[in-house]
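Visitor: just coords:
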């Protein structure tokens, strides 16, 4: 099957994420590859508490854009030394859906440049032990979006300064900072390459011989602009309200960090919010709505959780780990 290649022709993060979402929602057949860049931007995961993830003073001093994406995982910094890619295609066998299906072509493309690249952990791609890519996924009505970053020649000082890194994230890795974990692809190349040449190499390598260059119709482009304005440009989407709750518990598991804020009145949950960098592929709105009014008892919450696809909502974080966090007593 031919792969349709699309470019957003923009470096605006709010527009780019709207463009990507529109392709996922409206182009219901075929395989798509997008390559795109955001300038001077922090992109936070779907379920993260934005204020907790960014270094507010640094962000304001450097005029950094802040936007929330519609996939799980953690916060990342983008500049024009970073190249982003998106695969959009049919889910296929949902029971066998893995990150490896999409990270393998990226790893092989990097290996084709002579790099010692490998997939690692939940969603990382490493070169010589340094993280050069993070990935995330979303599933919508039988279609999947898999996207990721590729650090080519990003400014490590901006990466480290913009993000407010949770120290617990590195306790088991013996790593002291973001800067020491990441690497730039360009630094590992035996022969120097500009990012434009890297872009062209990826386009040809990932799309293969069956590539077709496509574009969005005028009405689709108008819909992208409308989505940008209605969703990705808004404070409500990018920050949202973070009300005070009666209880806030935070734990870190192999599947990622999980923070739960719960409001309880007369023994029943009146509000609950889940934050974290776990690799969700579906939104949590249905679950949080179902938990409102539920008795604040482990058994009652467990019954509600049993009616939802936990793997889609929380990645590899388990039901027992969710319950452990909600009812955690230090």
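Guide: Perfect, I can see it now. Model, not experiment: these values are computed from the prediction. Numbers count the residues shown, from 1 in each chain.
Visitor: use CA for all of it now, contacts and neighbours both
Guide: OK.
Visitor: show me where pLDDT drops low in this protein?
Guide: Low-confidence segments of the chain (pLDDT under 70): 1, 93-98, 165-180, 241-244, 329-330.
Visitor: would you map out the domains in it?
Guide: The record, using automatic domain parsing to delimit domains, assigns the chain the ranges 3-238, 247-326.
Visitor: for residue 163, give its distance to residue 277.
Guide: 13 Å (C-alpha to C-alpha, to the nearest Å).
Visitor: re earlier: how about the domains of the chain in JSON lines, adding mean neighbour count?
Guide: Compiled in JSON lines, the domains of the chain are given as follows (neighbours: other C-alpha atoms under 10 Å):
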{"stretch": "domain 3-238", "mean neighbour count": "18"}
{"stretch": "domain 247-326", "mean neighbour count": "18"}
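Visitor: picking that back up, which residues are in contact with each of residue 163 and residue 277?
Guide: residue 75 (C-alpha atoms under 8 Å, 6 or more residues apart in numbering).
Visitor: hmm, what's the outermost residue in this structure?
Guide: Most distant from the centre of the chain: residue 266, at 36.9 Å, with distances by C-alpha atoms, centre = their mean.
Visitor: how close does that one get to residue 295?
Guide: Distance check for residue 266 against residue 295: by C-alpha to C-alpha, it reads 9 Å.
Visitor: same check on residue 282?
Guide: Summarising the geometry, the distance separating residue 282 from residue 295, computed by C-alpha to C-alpha, is 25 Å.
Visitor: one more: residue 27?
Guide: In this structure, residue 27 and residue 295 are separated by 42 Å, where distance is defined by C-alpha to C-alpha.
Visitor: over to residue 229?
Guide: When distances are taken as C-alpha to C-alpha, residue 229 and residue 295 turn out to be 39 Å apart.
Visitor: surely residue 222 is in a strand?
Guide: No. Applying DSSP: H, G, I helix; E, B strand; the rest coil, one finds residue 222 to be helix, outside a strand.
Visitor: all helices of the stretch 51-200 of the chain, in order?
Guide: 56-61, 100-111, 156-162, 178-181, 185-188, 195-207 (DSSP state H, counting those that start in this stretch).
Visitor: and the last one, what does it pack against?
Guide: On a contact count with 3 or more C-alpha pairs under 8 Å, 6 or more residues apart in numbering; DSSP states H and E, helix 195-207 meets strand 3-6, strand 31-36, helix 100-111.
Visitor: next secondary structure after the shortest one?
Guide: Spelled out, that is strand 3-6. helix 13-26 (DSSP states H and E).
Visitor: list the contacts of that following helix.
Guide: Outside of helix 13-26, the residues that reach it under the criterion C-alpha under 8 Å, 6+ apart are 8, 10, 36-39, 41, 65, 67, 69, 86, 88, 140, 143-145, 220-221, 223-225, 227-228, 232-233.
Visitor: run the chain-centre distance for stretch 198-216.
Guide: Relative to its chain's centre, stretch 198-216 lies at 23 Å (C-alpha atoms, centre = their mean, to the nearest Å).
Visitor: what does it rub up against?
Guide: 1-7, 33, 35, 83, 105-106, 109.
Visitor: rebuild those residues as CSV, extending it with distance to residue 317.
Guide: Listed next are those as CSV, based on distance: C-alpha to C-alpha, whole Å:
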residue, distance to residue 317
1, 35
2, 36
3, 33
4, 34
5, 34
6, 34
7, 34
33, 29
35, 30
83, 29
105, 26
106, 26
109, 31
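Visitor: report the two of the residues you listed separated the most.
Guide: By the measure C-alpha to C-alpha, 1 and 83 form the most distant pair in the contacts of stretch 198-216, at 25.0 Å.
Visitor: next one: phi and psi at the residue nearest to residue 295 when sequence neighbours are not counted?
Guide: With C-alpha to C-alpha, 6 or more residues apart in numbering as the measure, residue 268 is the residue that lies nearest to residue 295, at 4.3 Å, once sequence neighbours are left out. Note on residue 268: backbone dihedrals following degrees, to the nearest 10 are phi -120, psi 150.
Visitor: measure residue 268 to residue 259 for me?
Guide: Going from residue 268 to residue 259 by C-alpha to C-alpha gives 19 Å.
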